[in-house]
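> fold the following for me, if possible:
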Amino acid sequence: MRLFKRENYLKNIRGFYHDDGMIKVITGVRRCGKSCFMQTISQELVENGVDPISIIYIDLDERGFRSVKTPDALEAAIDALTDDASEGLRYLFIDEIQNIKGYEEVVNAYRNEGGWSIFITGSNSYLLSGELATKLTGRYIEFEMQTLTFREYEEMKAFFGKPIDSNLTAEFDAYILEGGFPKALDYEVLADKRTYVKSVVEEILEKDVRRRVQVRNMSVFETVRKYITNNFGATTSLTNILADLAKQGVNLKRETLARYVKILEDAKIVRKCERFDMKSRRSLRGEQKFYLADLSFYFALNTDNRINYGPVLENIVYSYARSLGYEVSVGRIGKLECDFVMRSPEMDYSYIQVAMTIMGDRATEEREYRSLEQIRDNYPKYVITRADPIQHRSGIKHVNAPDFMMGNRMF
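From the prediction side, this is the model:
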């Protein structure tokens, strides 16, 4: 089986391949490629000399394992596959482990036994709540996956022989409308891609919302989901959302809305980007922005194909930064705002302004540069646009998103 290697994630986890003391937890929105990623790890182990008999791979959504519903059944399935394993370190892969309530005891038992390098995947934040978080603090590492970045989208198309437009901006716009779910590349027609994404949304709502958290009023929950999905990238607060919903005749308690928003975050449909005060270096509570796990969630669930490049580019830049391991906040500098403050894994900062274009509108250009020029430290500052001629001003780096991401560049 030919597997597309997602190197941005592989390079972060390779150092833990043979670590039997740390459980490797791979998370991400459903269908973002976690299963293929885990298969890639298994394949690399074999390529590097690990005996295939030492690799135990269990996909709990597959035929043969769908009847495994309890911790005892999971342990029995693992032991049955271990009988022929060779001596030495064994590698245990369990896909969609959140299907089993109480799986934590089993995973912990094998970790305590020693001689097991354990990899597990899950599609929502419940995987890292409860038992795993409390009992195994310091004993697991989370590796969060995103859907395809623009570069991965282009590389995966080339890998599978899909046609690629020679115009990079046209490819970038296609990526915006199609989204980054790997499976969507199998379909040639945009309508089919969107039908697939709708099925992903329905799967998330069924498995991660209806079954798991038992929302009583799904119609009201759906109204909240649509509101946040349709207003991604906008600065908002619970108070503002409550007021806007009330205008639509939907009256909610604040705690109910907060719970619904948390459910959307836990199911990895949306991600919250909090505000960060540049002077105090502290997060600010209240207002924040929400970004989509994948832009196709918006375009597949709406009939409008017009691209509002402001929030769309922000969403893409946000997801790209997260794929590189950055922590991302919305920055405030006095009365001015910086679209993003990014903190790298090495604890370095960078500051980002995002705009479709800064050409032909002096006011827009001034707005995008002014907030960055107010920042007095020496960390990198960027203005990111879609396809502008590159400018040079105040030492600020002006880049176009497609070129920047195709170079797999760090901020």
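> who does the closest residue to L264 other than its chain neighbours bridge with?
Spatial nearest neighbour of L264, excluding adjacent residues (C-beta to C-beta, 6 or more residues apart in numbering): V270 at 4.9 Å. Any C-beta I mention is one placed from the backbone N, CA and C, and that applies to glycine too. Following DSSP bridges, V270 is listed with bridge partners L292.
> now V270: how far from A174?
Relative to A174, V270 is positioned 23 Å away (C-beta to C-beta, to the nearest Å).
> so these two - more neighbours on which side?
V270 (20 against 16; other C-beta atoms under 10 Å).
> didn't the more buried one look like it was pressed against T229?
Yes - using C-beta atoms under 8 Å, V270 and T229 qualify as a contacting pair, with a distance of 7.2 Å.
> what sits in contact with each of the two?
Common contact partners of V270 and T229 (C-beta atoms under 8 Å, 6 or more residues apart in numbering): L292.
> now the residue nearest the centre of the chain, what's its secondary structure?
In the chain, the residue lying closest to the centroid (C-alpha atoms, centre = their mean) is Q146, at 3.2 Å. At Q146, secondary structure determined by DSSP: H, G, I helix; E, B strand; the rest coil is coil.
> now it: closest residue in space, sequence neighbours ignored.
Nearest one to Q146, counting by C-beta to C-beta, 6+ apart, is S323 at 4.6 Å.
> my guess is that neighbour meets R151, correct?
No - using C-beta under 8 Å, S323 makes no contact with R151, being 9.6 Å away.
> all helices for the stretch 1-150 of the chain, in order.
For the stretch 1-150 of the chain, applying DSSP state H, counting those that start in this stretch gives helices covering 7-13, 34-47, 71-82, 103-113, 131-135, 150-159.
> my guess is Y175 meets R151, correct?
No - using C-beta under 8 Å, Y175 makes no contact with R151, being 9.9 Å away.
> between these two, point out the one with more neighbours.
Y175 (23 against 20).
> pLDDT weak spots in this protein?
Counting by pLDDT under 70, the chain shows low-confidence ranges at 84-86, 124-126, 128-133, 135-137, 278-286.
> if we go to 80?
1, 83-87, 123-138, 214, 276-286, 303-305, 333-336 (pLDDT under 80).
> using the record's domain definitions, break it down for me.
What automatic domain parsing lists as the domains of the chain is 7-144, 151-406.
> make CSV out of those and add distance to M1.
Converted to CSV, these look like this (distance: least, C-beta to C-beta, whole Å):
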stretch, distance to M1
domain 7-144, 7
domain 151-406, 13
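> circling back: for the residue nearest to L264, what are its contacts?
V270 neighbours (C-beta under 8 Å, 6+ apart): 228-229, 232, 261, 264, 290-293.
> check I94 too.
The contact partners of I94, by C-beta under 8 Å, 6+ apart, come to 58, 60, 74, 103, 107, 118-121.
> can you give me the helices for the stretch 151-300 of the chain?
Secondary structure of the stretch 151-300 of the chain (DSSP H, counting those that start in this stretch): helices at 168-178, 190-204, 218-230, 238-247, 254-266, 296-300.
> which one, of the ones you listed, ends up nearest to G64?
G64 lies closest to helix 190-204 among the helices of the stretch 151-300 of the chain, at 20.9 Å (C-beta to C-beta).
> now the angle from that closest one to helix 218-230?
130 degrees (axes from the mean of the first three to the mean of the last three C-alpha atoms, to 10 degrees).
> which parts of helix 190-204 are buried?
Residues of helix 190-204 classed as buried: 193-194, 196-197, 200-201, 204 (neighbour count, 16 or more other C-beta atoms under 10 Å).
> quick one: contacts of it?
29-31, 123, 177-179, 181, 183-184, 187, 267-269, 294, 296-297, 299-301.
> and if we set it to 10 Å?
Helix 190-204 is contacted from outside by 29-32, 123-124, 147, 174, 177-179, 181, 183-187, 189, 210, 225, 229, 264, 267-269, 293-302, 305, using C-beta atoms under 10 Å, 6 or more residues apart in numbering.
> among those, name the buried ones.
Buried among those by 16+ other C-beta under 10 Å: 29-32, 123-124, 147, 174, 177-179, 181, 184-185, 225, 229, 264, 267-269, 293-300.
> what sits against I26?
Per C-beta under 10 Å, 6+ apart, neighbours of I26: 9, 13, 32-35, 37-38, 41, 93, 95, 119-122, 127, 141-145.
> if you could redo that for F290, that was the one I meant.
By C-beta under 10 Å, 6+ apart, the residues touching F290 are 227-229, 231-236, 241, 261, 264-265, 269-273, 315.
> does A321 count as helix, strand or coil?
helix.
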